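Chemist: return a 3D structure for these sequence lines:
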Amino acid sequence: MSRVGLVLGGGGITGASFEMATLMALELATGWSANDADVIVGTSSGAFVASLVRHDALELDSLVGPQDDREDVTERIRNHVFSKGPGTGIVPWVRHGASPGAPPRAL
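Modeler: Residues are numbered from 1 along each chain as shown. Now for the predicted structure:
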């Protein structure tokens, strides 16, 4: 019998935002909800996000207003997060490294 634990780090408002977006994207992509984890622990802002998860406050519905269509918002987020176009910002660095033309460093 396997069990799942979720560990969330700190990082202030930026860390909390990143963790919330990551957990929501994970659920959109796989259907796995962070609330399904057997144990959730966090440090600093991670503890705040953990409490949101356990109290079912980390849901897409918290970002969708009553005037919005939930399916439309889900599709817009999915298209933005899983965009297949050319990367901008940090995406090319993640795909190709900070210096794509530089030779690899030896150990």
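Chemist: where does the chain have low pLDDT?
Modeler: For the chain, the stretches flagged by pLDDT under 70 are 1, 60-64, 77, 79-107.
Chemist: hey, C-alpha coordinates of the helix or strand containing Val41 in CSV?
Modeler: Element membership for Val41 (DSSP states H and E) is strand 39-42. Extracted C-alpha coordinates of strand 39-42, given in CSV (Å, rounded to 0.1, in the frame of the first residue of the first chain):
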residue,chain,number,x,y,z
VAL,A,39,0.1,13.9,4.7
ILE,A,40,0.8,17.6,3.8
VAL,A,41,3.5,19.6,5.5
GLY,A,42,4.8,23.0,4.8
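Chemist: now the helix or strand following it: buried residues?
Modeler: Sequence-wise, the next helix or strand downstream of strand 39-42 (DSSP H and E) is helix 45-54. Residues 45-50, 52-53 are the ones in helix 45-54 that count as buried (16 or more other Cβ atoms under 10 Å). Placement of C-beta: from N, CA and C, glycine included.
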